[in-house]
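K.L.:
could you work out the structure for the sequence below:
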Amino acid sequence: MQQVYLTIVLAPLLAAIAAGVFGKRIGRTAAHWSTILAVGVSFGLSLYTLIGLIQGTIEPSNESVYRWATVGGMHMEVGFLVDKLTATMMATVTFVSWMVHIYTIGYMSEDPGYQRFFSYISLFTFAMLMLVMSNNFLQLFFGWEAVGVVSYLLIGFWFKRPSAIFANMKAFLVNRVGDFGFLLGIAGVVMYTGTLDYQEAFTHVPALSGQTMEIFQGSPWSVMSVICILLFIGAMGKSAQVPLHVWLPDSMEGPTPISALIHAATMVTAGIFMVARMSPMFEASETALSFILVIGATTAFFMGLLGLVQNDIKRVVAYSTLSQLGYMTVALGASAYAGAIFHLMTHAFFKALLFLAAGSVIIAMHHEQDMRKMGGLRKYLPVTYWTSLLGSLALIGTPGFSGFFSKDAIIEAVHASTLPGAGYAYAAVLGGVFVTALYSFRLFFMTFHGKERMDEHTREHLHESPLVVTIPLILLAIPSVVIGWFTVGPFLFEGFLGSAIQVFPGHDVLAEIGEHFHGPASFVQHGVMGPAFWLALAGVVTAWFLYLKRPDIPEIIASKFSGVQRLLVNKYYFDDFNEKVLAAGSRGLGRLLWRTGDEVLIDGTLVNGSARLVGWTAGVVRRVQSGYLYHYAFAMIIGLALLLGWTLLAD
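P.N.:
Below is the predicted model of the structure:
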C-alpha cells in the first residue's frame, strides 16, 4: 500500500510542477487537465483506501518511507499513518479539491495567470495531504508550513492589487504568531518524550500527566497543559480562532475557487485535524480542554454576528466559516473529537458549495460582489439558486440535511459536558444557531429574491454559469443533503474512527448521547423537538421579514443601535488594535532599538567610538615621537631614574 499512498501524495505535486514550471510550454488545456487528472487519481485512491479500511480489506498502517536524519538518537523521518481518521480527511480534501479544480476552468478562464493558479491549487492539495497523512511531528510541521506558504501565494494571487498583497501579508504574519506557539509545543513534546513519532510520544503521556514545569520560578505548571495549549495556539492561527482569526475574512482577496478550498477542506481544517489526532495528549489536560471549549464558543457566536453586517457576498460566507470552525473547536474542547471531524467533513461539502455558488453569482454579475446591487437572481440562475438553497439549509442545520446531524451532535455533546466553561459554550452554540440562520438567509434573500437592484447592462447579460461551473455545484449539493444519513451512526456512536481517537471515560459525551441514539430518523425527530431547530426557524423567518417583507427595518435598527452597528462593522476593533497598538508598538520599539542600539550603541559607541579612541590614542602617542634626540635622552634618564627608585624601594 505504500506505493498507493505515495501516488496519492505525489500526483498533485508532479502536476503542480508541470503546470507551474512548464505551463507556458504545455498551454492552458494541458495545465488544467494534468492537475485535474492528478487530483482525480488522488481522490480515487483515497476513496479506495477509505472503503478498504471500512470493509477490512486494508489494514491501518504506520510506516516510515525514509529516514531523513538522526540527531542524538532521535529519528527524523518521512512516513505515513493511515487509519480511518486519515482516510476520511484524504477523501474529503481530494474530493473538494477536485471539484474546485474543475470549477476553476470556468471561473478563471480569462485570467492571464491561469496555469499558475492551477499549479498553486494542486500544490495546496499536496501540502494538505502531507499534513494529514504524517506519522510524526516533523512531517506535520512541514505540511503545516507548506499550506501556509501556498495560502500566501493564493490569497495574493492578484498581486497587482494592493489589497491582495495586504491580505496575504496579514495571513502570513498572524499565522507566524500561531506557528510560534505550535513550534514551542513540538519542542515540548521532544523535550519530554525524546521522539517526534506520534505513537511513541503518546506512550509517554501517562507518565507525563503528573509532571510539572516551572516557566516562572516558584510557579509549577502541568507539562501536558503547557504542551497542549501551545499546540492549540498553532491551531488557533491555522483554524482562525479568536483572537488569531483576523486573517481569514481578508483571504477573500484571492479568487473564489481558492476561497472555497481554504475554507472548506485545506488550511483552516488543519488545526481541527491536528487536535483530533493529538487526542491522547489533550485528554490528559482538562485545563487545555476548557481553554479550547471557551475559545471555540466565543468564535462560534461572536464571529457569526459579524456576518450580519457584511454586504460582500464572499465575506458573509467567510464569517460563516469562522463561526463553523468555532463549532468544531467547541466539539474538540468537549472531547467530542469524532463530532468535530464529522462536522469538518459535512461542512467541507456545503461550505465549498456555498463559496462556489457565490462565485457563480459573481460571474453572472460581472464580478460584482455587493449584495445590495443584486436581488431577483432566482429566474436568471436556476441551478445556482437551488444548489445555494440546499447549501444554506445544510449550513443552518435543517433536520435531515448533513449539517443538522453534525451540528446537533455538537450541541448535545456540549450540553452533556461537565468541563469548566461548558455552560457558557452551550449558550454560545445555541445562540449561534439563530445567528447562522439569520445571516445565511439574509444572503440568500438579498441575492436571489426581492427587487432587482443591478444596473440595466448587467441585467441584460444575466445568465446561468456554464456547465463546468454548475456541475461541481450539483456534485457538492448531493453529499450536502444526504451524507449525514449514512454516516451519523457509525461516525459518532459506533466507533468508526477506532483507536485513532482516544477519549477518557469521564469525558466521553458522545457515548452518553449514543445511549439514546436509535437511528438517523429518530435523531431527526428528536432534533425537530429541540431548541436548535426552533432557533434556526426563527432566524429564517426573521431574515424573510427583515429583508423581503420590510427591508426598511434593518436601517432603522442600525440607526437605533448605532453603537452596536459600529462595533460589528469595525469587527470588534481587532484590526484597529492590531494595527494601532501591536503593529505601531512593534514599529515604535523597532525604531527605539534602532536609534539606541544601532545608532548610539553599535555605530556611535562600538564602531565610530572605537575609531575615535584609536585616533585619540594615536594623537597622544604621536606627540612622543618628536624627532629630537634630547627628548629621547631625557625620557631615557627619567625611565632609568624610575626603575632605580622602584628597585631601591623593593629592597
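K.L.:
what residues sit buried inside the lowest-mean-pLDDT helix or strand in the chain?
P.N.:
With mean pLDDT, DSSP states H and E as the measure, the helix or strand of the chain carrying the lowest mean pLDDT is helix 608-624 (a mean of 79). Taking 16 or more other CB atoms under 10 Å as the neighbour-count basis, helix 608-624 is seen to contain no buried residue. No exception for glycine: its C-beta is placed from N, CA and C like everyone else's.
K.L.:
give me the residues contacting that helix.
P.N.:
With contacts defined as CB atoms under 8 Å, 6 or more residues apart in numbering, helix 608-624 is touched by Ala635.
K.L.:
next helix or strand past that helix?
P.N.:
Beyond helix 608-624 on the C-terminal side, the first helix or strand identified by DSSP states H and E is helix 629-650.
K.L.:
can you check what angle separates that next one from helix 608-624?
P.N.:
With axes from the mean of the first three to the mean of the last three CA atoms, to 10 degrees applied, the angle from helix 629-650 to helix 608-624 works out at 100 degrees.
K.L.:
distance between whatever helix or strand Lys351 lives in and the chain's centre?
P.N.:
Secondary-structure assignment from DSSP H and E places Lys351 in helix 337-364. On the basis of CA atoms, centre = their mean, to the nearest Å, helix 337-364 is displaced by 14 Å from the centre of the chain it belongs to.
K.L.:
and that helix, what's buried?
P.N.:
Applying a neighbour-count criterion of 16+ other CB under 10 Å, one finds 337-364 buried in helix 337-364.
K.L.:
tell me where this structure is predicted with low confidence.
P.N.:
Judged by pLDDT under 70, the chain has its weakly predicted residues at 650-651.
K.L.:
middle-most residue in it, spatially?
P.N.:
For the chain, the residue whose C-alpha lies nearest the mean C-alpha position (CA atoms, centre = their mean) is Val268; its distance is 2.5 Å.
K.L.:
report the contact partners of that one.
P.N.:
With contact taken as CB under 8 Å, 6+ apart, Val268 is in contact with Lys238, Ser239, Ala240, Leu248, Ile262, Thr321, Leu325.
K.L.:
which non-adjacent residue is nearest Phe117?
P.N.:
If the residues on either side of it in the chain are set aside, Phe117 comes closest to Met108, at 5.5 Å by CB to CB, 6 or more residues apart in numbering.
K.L.:
quick check: phi and psi at the residue nearest to His204 when sequence neighbours are not counted.
P.N.:
Closest residue to His204 in three dimensions, ignoring its sequence neighbours and counting by CB to CB, 6+ apart: Thr193, at 4.3 Å. Dihedral pair for Thr193: phi -120, psi -20, per degrees, to the nearest 10.
K.L.:
same thing with Gly254?
P.N.:
The phi and psi values for Gly254, taken as degrees, to the nearest 10, are phi -80, psi 160.
K.L.:
residues near the nearest residue in space to it that is not next to it in sequence, how many?
P.N.:
In space, Gly254 comes closest to Ile155 once its chain neighbours are excluded; the distance is 4.4 Å by CB to CB, 6+ apart. Taking other CB atoms under 10 Å as the criterion, the count of residues near Ile155 is 29.
K.L.:
now swap in the one 5 residues further on and tell me
P.N.:
For Lys160, the number of neighbouring residues by other CB under 10 Å comes to 7.
K.L.:
next one: Thr203
P.N.:
Number of residues near Thr203 (other CB under 10 Å) recorded here: 13.
K.L.:
likewise Ser109?
P.N.:
Around Ser109 there are 14 residues (other CB under 10 Å).
K.L.:
give the helix, strand or coil label for it.
P.N.:
Local secondary structure at Ser109 is given as coil here, using DSSP: H, G, I helix; E, B strand; the rest coil.
K.L.:
and for Gly397?
P.N.:
Judged by three-state DSSP, the three-state class of Gly397 is coil.
K.L.:
pretty sure it is touching Phe404, no?
P.N.:
Yes - applying CB atoms under 8 Å as the test, Gly397 and Phe404 come out as touching, 4.5 Å apart.
K.L.:
ok, back up a step: residues contacting the residue nearest to Phe117?
P.N.:
With contact taken as CB under 8 Å, 6+ apart, Met108 is in contact with Tyr114, Phe117, Pro255, Pro257.
K.L.:
which one of these sits closest to Val96?
P.N.:
Distance to Val96, by CB to CB, is smallest for Pro257 among the contacts of Met108, at 10.7 Å.
K.L.:
for Ser562, what are its contacts?
P.N.:
With contacts taken as CB under 8 Å, 6+ apart, Ser562 has no neighbouring residues.
K.L.:
any idea how many residues pack against Ser225?
P.N.:
Other residues within reach of Ser225, judged by other CB under 10 Å, total 20.
K.L.:
touching, it and Met281? I think so.
P.N.:
No - when contacts are counted by CB under 8 Å, Ser225 is not listed as touching Met281 (10.3 Å).
K.L.:
alright, that wraps it up for me.
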